[in-house]
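In: Test case, fold it:
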Amino acid sequence: MHIDVIRTEEEWAEMAAEWNKLLDNSITNVPFLRHEYLTAWWQHRGGGEWPVSELFILTGRDSDNNLLGIAPLFLSKNHAGDPALMLLGSIEISDFLDVIVKEGDLETFLDEILVYLAGPESPKWDYLDWYNLFETSSTLPALEKLSGKHNLHFQQERIQPAPYITLPTDFDEYLATLEKRYRHELRRKMRQASGYFIPVQWYVVEDEDNLEAEVDDFIEMMREEKEKDAFLTEEMVAQIHAIAKAAYKGGWLNLFFLKVGKEKAAGYFNFDFNDHVWVYNSCLARKFSQLSPGIALLGFILQDSIEKGRKEFDLMRGDEDYKYHLGGKDRFVVRATVRKASPR
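Out: Numbering: from 1, shown residues only. The predicted model follows:
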């Protein structure tokens, strides 16, 4: 296996088809590693999170030039100010990241990467600083093993939970898995919305011509939460639009709204990818809070996902109570760092 470096957006764009093809069979197949997602992320550097950064994607190919591995990296200073190679998508808005490689090629690929990064063509770096890997990722034990081989220091730390729901084939069967009080509460809120004196309906955005306006509406409702309003800088708003467009064109955007009469009351910005539903963000109009439109809409989306045969409902990073009330089970994401024995 030989290692090549992608340092320009033009070179990267040419890889789109083979990138996503490899991802389909990779150890971690998540929407945040899709070519269209990461190029949208790079366009705005994660909503301005990494204004000073350089593209540094490492690829591994065999003697016939078949793509075997991708380390989607960029070079920047990490939050401690050290020169670091980070995973594209880091840190705040991409819930799950990893290298892109089949299980059988993983150790060889990582070994070749570490050899390359110790060589004369490597840029200046002190750390591999990789956030948001699943705690179960095969990358972690392989990287730990190879760090010892190359006289590097490996460290792993748990960052936060990322609850998920394994979906059964029937909505009533799903409801039966919930604690009694939460099952009754979800049913009550869904019935209340369905029987409200003003007509309530939910829909998913399908028309590309309306996408920008619908995302604008979503963002305006997000601003009703003080914390989200502070998050929504001009650059972050542009980032959200870019991700929405990329996911729509990729065929895996599910932008849901619940309307009360003619007014939007709640929304979910989800990804429908690889038989999983990924709950990326949400918004709520406070004036309709007595209707609990957010939980009601989430119930309708869960029901719709089960009817469509989706296998998993990922509630993403964070330990908010509602995730566990809906039956979420914890898994965790971690940060892995590889440090040179004597940082430069």
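In: what about residue 114, distance to residue 107?
Out: For residue 114, the distance to residue 107 equals 11 Å [C-beta to C-beta, to the nearest Å]. Just so you know, the C-beta spots here come from the backbone N, C-alpha and C atoms, and that holds for glycine as well.
In: ditto for residue 340
Out: Distance of residue 340 to residue 107, computed by C-beta to C-beta: 21 Å.
In: What's the end-to-end length of stretch 217-232?
Out: With C-alpha to C-alpha, to the nearest Å applied, stretch 217-232 spans 13 Å between its terminal residues.
In: Identify all contacting residues around it.
Out: Taking C-beta atoms under 8 Å, 6 or more residues apart in numbering as the criterion, the residues outside stretch 217-232 that touch it are 237, 240, 255, 257, 264, 266-267, 269, 281, 283-286.
In: likewise stretch 34-52?
Out: If you take C-beta under 8 Å, 6+ apart as the criterion, stretch 34-52 is touched by 9, 12-13, 15-16, 19-20, 23, 31-32, 53, 55, 72, 74, 76-77, 86, 88-94, 233, 235-236, 238-240, 242-243, 245-247, 249-250, 252, 273.
In: from the contacts of stretch 217-232, which is closest to residue 3?
Out: Proximity to residue 3 was ranked across the contacts of stretch 217-232 by C-beta to C-beta; first place goes to residue 240, at 34.0 Å.
In: I'd say the closest one and residue 212 touch.
Out: No: with contact taken as C-beta atoms under 8 Å, residue 240 and residue 212 are classed as non-touching, separated by 10.9 Å.
In: Pick out whichever of those two has more residues nearby.
Out: residue 240 (24 against 12; other C-beta atoms under 10 Å).
In: Secondary structure element for that one, which one?
Out: When secondary structure is defined by DSSP states H and E, residue 240 falls within helix 234-250.
In: list the helices and strands that helix packs on?
Out: Contacting helix 234-250 under the criterion 3 or more C-beta pairs under 8 Å, 6 or more residues apart in numbering; DSSP states H and E are the following elements: helix 35-48, helix 208-222, strand 253-260, strand 263-273.
In: and if we set it to 6 Å?
Out: Here helix 234-250 is seen to pack against helix 35-48, helix 208-222 when contacts are counted using 3 or more C-beta pairs under 6 Å, 6 or more residues apart in numbering; DSSP states H and E.
In: what residue ranges in the protein score low on pLDDT?
Out: Applying pLDDT under 70 to the chain flags residues 342-344.
In: Can you give the domain ranges for it?
Out: Listed domain ranges for the chain are 2-160+332-340, 164-325 (source: automatic domain parsing).
In: what's the span of the longest one, first residue to last?
Out: What that stands for is domain 2-160+332-340. Using C-alpha to C-alpha, the span of domain 2-160+332-340 from its first residue to its last is 23 Å.
In: With the shortest one instead?
Out: Between the start and the finish of domain 164-325 there is a gap of 12 Å, counting by C-alpha to C-alpha.
In: Now do it: distance to the chain's middle.
Out: Centroid separation for domain 164-325 versus its chain: 16 Å, with C-alpha atoms, centre = their mean, to the nearest Å.
In: ok, and for stretch 10-26, which residues are buried?
Out: Within stretch 10-26, the residues that count as buried by 16 or more other C-beta atoms under 10 Å are 12, 15, 19, 20, 22, 23, 26.
In: again but with stretch 204-216, I slipped
Out: Within stretch 204-216, the residues that qualify as buried by neighbour count (16+ other C-beta under 10 Å) are 205, 211, 214, 215.
In: cool, and stretch 109-122?
Out: Within stretch 109-122, the residues scored as buried using 16+ other C-beta under 10 Å are 109, 110, 111, 112, 113, 114, 116, 117.
In: Likewise for stretch 260-270?
Out: Quick answer for stretch 260-270 (16+ other C-beta under 10 Å): 260, 264, 265, 266, 267, 268, 269, 270.
In: Can you tell me which of these lies closest to residue 139?
Out: When the buried residues of stretch 260-270 are compared for distance to residue 139 (C-beta to C-beta), residue 270 comes out closest, at 26.0 Å.
In: What residues are bridge-paired with that closest one?
Out: When bridges are called by DSSP bridges, residue 270 pairs up with residue 254, residue 279.
In: Could you list which residues are in contact with it?
Out: For residue 270, the contact set (C-beta atoms under 6 Å, 6 or more residues apart in numbering) comprises 254, 277, 279, 280.
In: Before I go, just wanted to say thanks for your time.
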